[in-house]
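[1] could you work out the structure for the sequence below:
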Amino acid sequence: MKYFNNIIKLDSYNILKNINSKNLKNKKILVLGANGFLASIIQSTLISSNKINNSNCKIISVSQRNPYGILKDLLSFSKELKFIKKDLSQTKNLKFLDKLKFDYIFHCATYGQPSKWMQQGIKTISLNTGTLKYLLDKATKDKSKIMFFSSVDVYGELKNMKQPVDEYFQPEFKNMNRIPYKFSKLVGEELCNLYRKEYKTKVYIIRAAHTYGPGQGLNDKRAICDFLRGAIFKKKIKLRDQGKSIKTWGYVSDVVTMFFNIMLNGKNLTYNTVGNDYQSIKKVAKTICKSIPNVKLEIPKKDIINFKFGKDPKYQIFKAKNYNREFKKYPQVGIEEGIQRLVDWNLITLGK
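    Below you'll find the model as predicted:
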């Protein structure tokens, strides 16, 4: 299988090594936004647990688009995985779930790529509020555990914050163009908070930051895949600014390990699910250049990017304070190894 290849399988096995997979035994699991990058790795891990540990997980996957990539491969050989096509932004389309009951609900249908939520403002707000409320009501009634995929965008404009931002940072908001995304995430988080307080709902909020790795295809519009497209097809990476901004990068298997540990055994409400690599955009681009022969890096003398949706702050440094308090630390994949795996996976899927 082209997409669910040995690189994805190895990442899934590594996730299983660092979680209590016994808690997946005979569980019924709902994954919304099933075609997405992180959702695909969640599902590949669950199917791998079925194969390796005889977990017998039953998975319902829902997306507004037909299965493609990893999910399509998984469906081709997994009897435990069932796919349903629905537009989740309209709550009337969720009624088919009324008679179903789940142990774990992953609400990943909340958009991660700016290119998507910029064009789908109304759907973005609906998915983070109306759809979430339906799922919270269902989780409360059925005594399910539910995970809401929020974003580090809720921290607002970080200015030049050199100190890592933890879950207790108080945000400021100035760029009004990003409000449909940021504020709908904040409203969603407050819904989770209220349901946890008033109804004792077993809900978790996760805030990922710049997650990358195998499973992230070349159609992804985020920076790291933009660089990879240029490297593979043009033998050139062209930055749109000086590339000095520093971001927190997390390899996908490390981040998804966090998701599972939180869902299975978490005690807090809110978690930064981030890696430990604090690297500049320029450094990441240079690492991709090293991973593919004869790729040149072009850095403009002045910024040529249109900052309609806000210029990146100089520092986006986050730490997983709540997670690190609760769970033991384990070796994380470094940026050079992680990018090489991302490159190799994409080359395999292209048949190169």
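[2] for Lys86, which non-adjacent residue is spatially closest?
    Asn93 (4.5 Å; Cβ to Cβ, 6 or more residues apart in numbering). In short, each C-beta sits where N, CA and C put it, glycine included.
[3] for Gly188, same thing?
    Closest to Gly188 by Cβ to Cβ, 6+ apart is Asn128, at 4.1 Å.
[4] ok, back up a step: could you measure the residue nearest to Lys86 against Asn20, distance?
    Computed as Cβ to Cβ, to the nearest Å, the Asn93 to Asn20 distance reads 34 Å.
[5] more neighbours: which of those two?
    Asn93 (16 against 11; other Cβ atoms under 10 Å).
[6] can you pull the contacts of the residue nearest to Gly188?
    Applying Cβ atoms under 8 Å, 6 or more residues apart in numbering to Asn128 gives the contacts 110, 184-185, 187-188.
[7] change it to 10 Å
    89, 107, 109-111, 117, 148-151, 180-189, 191 (Cβ atoms under 10 Å, 6 or more residues apart in numbering).
[8] any idea which helix or strand carries the residue nearest the centre of the chain?
    Per Cα atoms, centre = their mean, the C-alpha nearest to the average position across the chain is that of Leu38, at 4.2 Å. When elements are assigned from DSSP states H and E, Leu38 belongs to helix 37-53.
[9] how about the secondary structure of the nearest residue to Asn322 once chain neighbours are set aside?
    Once flanking residues are discounted, Asn322 sits nearest to Asn268: 4.6 Å by Cβ to Cβ, 6+ apart. For Asn268, the assignment made with DSSP: H, G, I helix; E, B strand; the rest coil gives coil.
[10] can you give me the end-to-end distance of stretch 60-73?
    15 Å (Cα to Cα, to the nearest Å).
[11] which strand residues bridge Gly156?
    Beta bridges link Gly156 to Glu172, judged by DSSP bridges.
[12] would you mind measuring from it to Asn56?
    Gly156 is 44 Å from Asn56, by Cβ to Cβ.
[13] out of those two, which sits in the more crowded spot?
    For Gly156 versus Asn56, neighbours defined as other Cβ under 10 Å are more numerous around Gly156 (18 against 12).
[14] which residues in the chain form helices?
    6-17, 37-53, 69-77, 114-117, 121-128, 130-142, 179-199, 223-229, 252-265, 281-291, 321-326, 335-350 (DSSP state H).
[15] any low-confidence regions in this structure?
    For the chain, the stretches flagged by pLDDT under 70 are 111-121, 157-162, 169-179, 303-312.
[16] roughly how far does the residue of the chain most remote from its centre sit from Lys95?
    For the chain, the residue at maximal distance from the C-alpha centroid (Cα atoms, centre = their mean) is Lys301, at 33.0 Å. Going from Lys301 to Lys95 by Cβ to Cβ gives 57 Å.
[17] do Leu218 as well
    36 Å.
[18] over to Pro300?
    Pro300 is 52 Å from Lys95, by Cβ to Cβ.
[19] which of those two has more neighbours?
    Shown here are Pro300 and Lys95; by other Cβ under 10 Å, Pro300 has more neighbours (13 against 10).
[20] and Thr211, how many neighbours?
    Thr211, neighbours per other Cβ under 10 Å, totals 25.
[21] what of Gly351?
    When neighbours are counted by other Cβ under 10 Å, Gly351 comes out with 6.
[22] isn't it up against Tyr3?
    No - counting by Cβ atoms under 10 Å, Gly351 does not reach Tyr3; the two are 12.0 Å apart.
[23] isn't the residue nearest to the centre of the chain up against Phe260?
    No - counting by Cβ under 10 Å, Leu38 does not reach Phe260; the two are 11.6 Å apart.
[24] identify the contacts common to the two.
    Phe106.
[25] from Glu189, how far off is the residue nearest to Asn322?
    Asn268 is 13 Å from Glu189, by Cβ to Cβ.
[26] these two: which is more packed in?
    Set Asn268 next to Glu189 and count neighbours by other Cβ under 10 Å: Glu189 wins out with 21 against 14.
[27] I'd guessed the more buried one sits against Asp153; true?
    No - contact criterion Cβ under 10 Å: Glu189 and Asp153 do not qualify, at 11.3 Å.
[28] any residues in contact with both of these two?
    Residues touching both Glu189 and Asp153 (Cβ under 10 Å, 6+ apart): Arg207.
[29] what's the closest non-adjacent residue to Ala223?
    Ile281 (6.5 Å).
[30] need the contact list for that neighbour.
    223-224, 227, 239-247, 312.
[31] buried residues, stretch 84-92. List them.
    Buried residues in stretch 84-92, defined by neighbour count with 16 or more other Cβ atoms under 10 Å: 86-89.
[32] if you could redo that for stretch 340-352, that was the one I meant.
    340-346, 348-349.
[33] do stretch 200-215 as well
    201-215.
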